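1. Return atomic coordinates for the entry below.
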Amino acid sequence: MPFTLPSRTPSGPRRRSLLAGAAGAAAGSALLVGCSGSDSDSGTSSGSASAAARARARAARDSEQLAQRYEAVLAAHPALSTRLEPLLAEVVRHARAFGGGKRADASPGASASAPTDASPSPAAPASPEVPATEKAARSELAAAERALADRRMKALADVPGELARLLASVAAAGAAHAFLLTEDKK
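-> Predicted coordinates:
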């Protein structure tokens, strides 16, 4: 019987893959450290905390007002319900994420059929005017989404990290909503 030598293939990772993985991890952690400054590490004062609270409250109020616009359009144009109700549900979730949503407890379908049954806050404006045509109503909603997304993007520099990430995410969703509202059915 001939004698065969065992193969010299070592088990486990190779030296090159370990070095490449370590370099990639170091680069990734450097990027993460640069992007995620902690609020406690930066020494937030009560002034910046109150500014963040005001920005959060303003964002919640803006989302609630946008939800009112969606509800008014749905009340005036019920044929748009399949297209607008998912977007309204997202706007309601955005308001909740910012700490609002006292009006957002009603389901989108219920608010579309009876928008006056929701209990608006005392500072809530009257129901917005709705254009007569569905296309014009969608265009107006898209313009409102775009304007709100732009305001939120401009506010990013003035708020702490976690709120800035939330604002950026909701602004991106608003831009997507604007696109979906202006896209004609194909």
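2. where along this protein do the helices fall?
-> Using DSSP state H, the helices of the chain run over 15-35, 46-76, 81-97, 108-113, 134-154, 161-182.
3. Just the angle for the last one relative to helix 46-76, thanks.
-> Pointing back at helix 161-182 there. On the basis of axes from the mean of the first three to the mean of the last three CA atoms, to 10 degrees, helix 161-182 is oriented at 20 degrees to helix 46-76.
4. what is the orientation angle of helix 161-182 with helix 81-97?
-> Relative orientation of helix 161-182 and helix 81-97, computed by the same axes, to 10 degrees: 170 degrees.
5. what mean pLDDT does helix 161-182 have?
-> For helix 161-182, the mean per-residue pLDDT is 94.
6. Look up the closest residue to Arg146, ignoring the ones flanking it.
-> Ala178 (4.6 Å; CB to CB, 6 or more residues apart in numbering). The way it works is simple: take the backbone N, C-alpha and C, and place the C-beta from them, glycine included.
7. Check the helices of the chain for me: which has the lowest mean pLDDT.
-> Across the helices of the chain, the lowest-scoring stretch is helix 108-113, with a mean of 42.
8. which residues touch the closest residue to Leu180 other than its chain neighbours?
-> Distances taken as CB to CB, 6+ apart place Leu87 nearest to Leu180, at 6.9 Å, with adjacent residues excluded. Listed by CB atoms under 8 Å, 6 or more residues apart in numbering, the contact partners of Leu87 are Tyr70, His177, Leu180, Leu181.
9. export those residues to TSV and tack on distance to Asp150 and neighbour count?
-> Converted to TSV, these look like this (distance: CB to CB, whole Å; neighbours: other CB atoms under 10 Å):
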residue	distance to Asp150	neighbour count
Tyr70	19	28
His177	13	26
Leu180	17	16
Leu181	15	23
